[in-house]
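**Q** Sharing a model prediction with you, sequence too.
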Amino acid sequence: SFFINKPKTFYFTILVSILGWAGMLVELLLILAFLKIEIPMIDFVYLVVAMRLALLLPVPGGIGTMEAAIFWVFTSLGLNTFDVVGMIALIRLRDLVIVLFGMIAFHYLMKRSIWLGRQD
């Protein structure tokens, strides 16, 4: 009933979801290109599926699951496992940058909120 009652919102959420997936795929392709790792498209799909399934495991914060999935895929495809370290480092560096931007934005907004006299 959601897509019948609010079709614009429904299609907007679908668009945002597609853009999110496209961004994730482009990011992974860029990381592989940066590390000069060339794999066939079917192996790329295999890697993406393994990474997404690893994030579904019931581990707090997904700690170690994605790393294990990437290592497992590289090992099963006969790729250089030393490349896994670089790939994981870049992915976690990206996560760190996002968290730092969030912390800076939160700090700025809290200072601004207190300065304006709004303390919730």
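**A** On my side now, so go ahead.

**Q** three-state assignment of the residue nearest the centre of the chain?
**A** For the chain, the residue nearest the mean C-alpha position is M24 (5.9 Å; C-alpha atoms, centre = their mean). Assigned with DSSP: H, G, I helix; E, B strand; the rest coil, M24 falls in the helix class.

**Q** Can you give me the distance of it to A68?
**A** 19 Å (C-beta to C-beta, to the nearest Å). Every C-beta, even on glycine, is put in place using the N, C-alpha and C of the backbone.

**Q** do the same with A22
**A** Using C-beta to C-beta, A22 is found at 26 Å from A68.

**Q** Just want to know which of these two has more residues nearby.
**A** Between A22 and A68, counted using other C-beta atoms under 10 Å, the more crowded position is A68 (14 against 10).

**Q** what residues are up against that one?
**A** Contacts for A68 (C-beta atoms under 8 Å, 6 or more residues apart in numbering) come out as A54.

**Q** Which secondary structure state does K36 sit in?
**A** coil.

**Q** For it, the count of nearby residues, please.
**A** Applying other C-beta under 10 Å, I find that K36 has 8 neighbouring residues.

**Q** How about A54?
**A** A count of nearby residues for A54, using other C-beta under 10 Å, gives 19.

**Q** Apart from its chain neighbours, what residue comes closest to it?
**A** Among residues not flanking A54 along the chain, A69 sits closest, at 3.6 Å (C-beta to C-beta, 6 or more residues apart in numbering).

**Q** So what's the residue count around the one you found?
**A** Residues near A69, counting by other C-beta under 10 Å, number 20.
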